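Trainee: Turn this into a structure:
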Amino acid sequence: MHLVGFTVIGTPFSTFTRTVTLDLHYKGIPFNQVCVLPHSRTADEYHPFGYIPTLVIEVHGREDTLKLRESIAIARYIDRVEPQPSLCLYFGDGHVLIDEQMWEFVSMVASYGFPAVEIGVVKPRVALNDEGKATDVEIRERIKPGVERLRKFLTVIEEAMSPVGYVFGEKLSWADFFLYPLLADLRAIPEGEVLSQRMLAWMELMDKLEAVKATIEGTLSIGARPA
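Mentor: Predicted structure coming up:
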């Protein structure tokens with residue numbers, strides 16, 4: 001199967017979309033991006049439930065395109081068709097004992113991290129800030145339960161990380177690219193104060209990556225809003 005092009009359907013403001021574009025930039029894979037919000041008409045055309053991102057794959061010899069949905073599926077596909085530089089981890093990489101440990105971490109971030117960071121804290125904080133009616137004290141009180149759940153998530157995740165370097169040590173992996181967009185959003189709001197020194201050091205390391213710099217436009221970390 002000869003691939004001829006990729007298009008990412010999803011706004012840069014989306015943390016899951018950024019995970020995918022981080023990898024494409026990191027691997028040097030050219031792609032187009034259609035910047036749409038979830039549940040928009042275009043998102044509905046490419047995802048049966050209207051979520052983002054979708055990776056549209058153009059294949060030589062086919063008139064139609066392949067549509068690959070769900071970030072973990074997209075991640076596994078990209079690393080298979082463009083294996084270098086790899087973002088997968090194997091026995092002997094950092095403290096990895098079995099290959100699936102990295103995917104376990106990724107799954108926890110996707111399943112529990114997004115609700116804890118975005119739904120419980122970031123989105124309500126940004127919405128209330130933009131509305132301009134509540135004071136900072138009032139906002140903090142309203143999202144206090146979410147912050148408590150966030151603290152638990154961060155504690156669990158940090159315990160799974162290596163003490164220095166990337167999530168699993170010296171080698172960059174999908175674990176880093178799934179976690180970073182969430183915590184970049186968190187760092188952009190006052191509740192980012194809950195981030196530990198280990199998390200902040202890891203984020204500073206990630207900030208140096210060219211892929212991170214290439215995907216910052218349109219994100220909350222520079223004050224953008226959904227578009």
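Trainee: the helices in the protein, which residues?
Mentor: 15-27, 41-46, 71-81, 100-108, 114, 123-131, 136-142, 144-160, 174-187, 197-207, 210-214 (DSSP state H).
Trainee: From residue 72, how far out is residue 83?
Mentor: 17 Å (Cβ to Cβ, to the nearest Å). Every residue, glycine included, has its C-beta placed from N, CA and C.
Trainee: The two: which has the busier surroundings?
Mentor: Neighbours per residue (other Cβ atoms under 10 Å) separate residue 83 from residue 72, with residue 72 holding more: 16 against 11.
Trainee: just checking, that one touches residue 106?
Mentor: Yes. Between residue 72 and residue 106 there is a contact under Cβ atoms under 8 Å: 6.3 Å.
Trainee: any idea of the pLDDT on residue 55?
Mentor: As predicted, residue 55 sits at a pLDDT of 97.
Trainee: show me what contacts it?
Mentor: 6, 7, 8, 9, 20, 67, 68, 69, 74, 77, 78 (Cβ atoms under 8 Å, 6 or more residues apart in numbering).
Trainee: Out of those, which end up buried?
Mentor: 6, 7, 8, 9, 20, 68, 69, 74, 78 (16 or more other Cβ atoms under 10 Å).
Trainee: what sits up against stretch 129-145?
Mentor: Contacts of stretch 129-145 (Cβ under 8 Å, 6+ apart): 120, 121, 124, 125, 128, 147, 189, 190, 191, 225.
Trainee: Could you work out the end-to-end span of it for me?
Mentor: In stretch 129-145, first residue to last residue: 18 Å (Cα to Cα, to the nearest Å).
Trainee: about what we covered before: looking at the buried ones among the contacts of residue 55, which two lie furthest apart in space?
Mentor: Maximum pairwise distance in those, criterion Cβ to Cβ, is 14.9 Å, between 9 and 78.
Trainee: most tightly surrounded among the helices of the chain?
Mentor: Most buried of the helices of the chain, by mean neighbour count (mean count of other Cβ atoms under 10 Å): helix 174-187, with a mean of 25.
Trainee: For that helix, what is the distance to the chain centroid?
Mentor: 5 Å (Cα atoms, centre = their mean, to the nearest Å).
Trainee: Using CSV, write down the CA coordinates of that helix.
Mentor: What follows is helix 174-187, C-alpha atoms only, in CSV (Å, rounded to 0.1, in the frame of the first residue of the first chain):
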residue,chain,number,x,y,z
TRP,A,174,4.3,8.4,23.2
ALA,A,175,3.9,8.7,27.0
ASP,A,176,5.4,12.2,26.8
PHE,A,177,3.4,13.3,23.7
PHE,A,178,0.1,12.2,25.3
LEU,A,179,0.8,13.9,28.6
TYR,A,180,2.4,17.1,27.5
PRO,A,181,-0.6,18.9,25.8
LEU,A,182,-2.7,18.4,28.9
LEU,A,183,-0.1,19.8,31.3
ALA,A,184,0.8,22.6,28.9
ASP,A,185,-2.9,23.7,29.2
LEU,A,186,-2.7,23.3,33.0
ARG,A,187,0.4,25.3,33.2
